[in-house]
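Student: Need a 3D model of the following:
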Amino acid sequence: MTDLDENGLLVAAPDAIFTFTGRFIRPLDPDPANICIEDIAHALSMQCRWTGHVSKFYSVAEHSLHVAALVPEPVQLWALLHDATEAYLADLARPIKKAPGLGEIYLDVEAKLAAAIGVVFGIAHDPLTVAEIKQADERMLWAEAKVLLPKLGEQMPDPGFDCPRPQCWEPEVAEEIFLATFAEYQG
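Tutor: As a prediction, the model looks like this:
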């Protein structure tokens, strides 16, 4: 049995979080040995994009699958995992991630965690520094706003490109498709 303190925190590592598969990970000081695709797929499928301010539940896992479908084959795995840090840190809204003060701290923590995830899955650097992935992420942001945030979407100009339409899969469906797609990309 794992020793917990009165607050339910792991005595040996109070900055650790417990994962779906029964592991624990310290997001501020991650050990790649504690990272697994099942935890990433499950957590991302349970998290709603846009801080939950959408007309229907739409998971980070589904978003990641759509981004991966928009990029060339050599970087599809990287695109699928471009938000994998959010499995351990949660999906923080972009304006908060970029906010002076907190933004720098968060981005440093996220970079350290992304490096650990990269070690596990053979990703050489931050996927969002790859132009095709960044562009696909932005394209999906637009498509999501148009479909899931109609008040914002109606204010946005037509970018002149097609994107997958968010389907708003149930978490179990998004998780299953995410894992199957990961397996396909791994070969």
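
Student: Quick one: residues in contact with the helix or strand Glu138 falls within.
Tutor: Assigning secondary structure by DSSP states H and E places Glu138 in helix 131-148. Residues from elsewhere that reach helix 131-148 (C-beta atoms under 8 Å, 6 or more residues apart in numbering): 49-50, 54-56, 58, 63, 66-68, 70-72, 75, 78-79, 82, 127-128, 152-153, 156, 159, 161, 163-166, 168. Every residue, glycine included, has its C-beta placed from N, CA and C.

Student: Repeat that for stretch 22-38.
Tutor: 2, 10, 13, 15-21, 39, 88-89, 109, 112-113, 116-117, 119-121, 179, 182.

Student: Stretch 60-79 too?
Tutor: 41, 44-45, 47-49, 80-83, 86, 91, 121, 123, 127, 130, 132-133, 135-137, 139-140, 143-144, 163-164, 166-169, 171, 174-175, 177-178, 181-182, 185-186.

Student: redo that, cut-off 7 Å
Tutor: 41, 44-45, 47, 49, 80, 82-83, 86, 91, 121, 123, 127, 130, 132-133, 136-137, 139-140, 164, 166-167, 169, 174-175, 177-178, 181, 185 (C-beta atoms under 7 Å, 6 or more residues apart in numbering).

Student: pLDDT (mean, whole number) over it?
Tutor: When pLDDT is averaged over stretch 60-79, the result is 96.

Student: Same check on stretch 162-178?
Tutor: 94.

Student: lowest average confidence, helix or strand, in the protein?
Tutor: Least confident element among the helices and strands of the chain, by mean pLDDT, DSSP states H and E: helix 150-153 (a mean of 82).

Student: How far away from the center of its chain is that helix?
Tutor: 23 Å (C-alpha atoms, centre = their mean, to the nearest Å).

Student: Please apply the same query to stretch 78-93.
Tutor: Per C-alpha atoms, centre = their mean, the centroid offset for stretch 78-93 relative to its chain is 2 Å.

Student: And for stretch 97-112?
Tutor: On C-alpha atoms, centre = their mean, the centre of stretch 97-112 falls 16 Å from the chain's centre.

Student: got the buried residues for that stretch?
Tutor: The neighbour-count check on stretch 97-112 (16 or more other C-beta atoms under 10 Å) flags Tyr106, Val109, Glu110 as buried.

Student: so where's the protein uncertain?
Tutor: 1-2, 4, 9-12, 159 (pLDDT under 70).

Student: just checking, what packs against the helix ranked longest in it?
Tutor: As assigned by DSSP state H, the longest helix anywhere in the chain is helix 102-121. Applying 3 or more C-beta pairs under 7 Å, 6 or more residues apart in numbering; DSSP states H and E, we find helix 102-121 packed against helix 86-89, helix 94-97.

Student: Can you say which of those is packed in most?
Tutor: helix 86-89 (a mean of 23; mean count of other C-beta atoms under 10 Å).

Student: still on that earlier bit, turn the helices and strands packed on helix 102-121 into JSON lines, columns for distance to Pro30.
Tutor: Converted to JSON lines, the helices and strands packed on helix 102-121 look like this (distance: least, C-beta to C-beta, whole Å):
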{"stretch": "helix 86-89", "distance to Pro30": "7"}
{"stretch": "helix 94-97", "distance to Pro30": "18"}
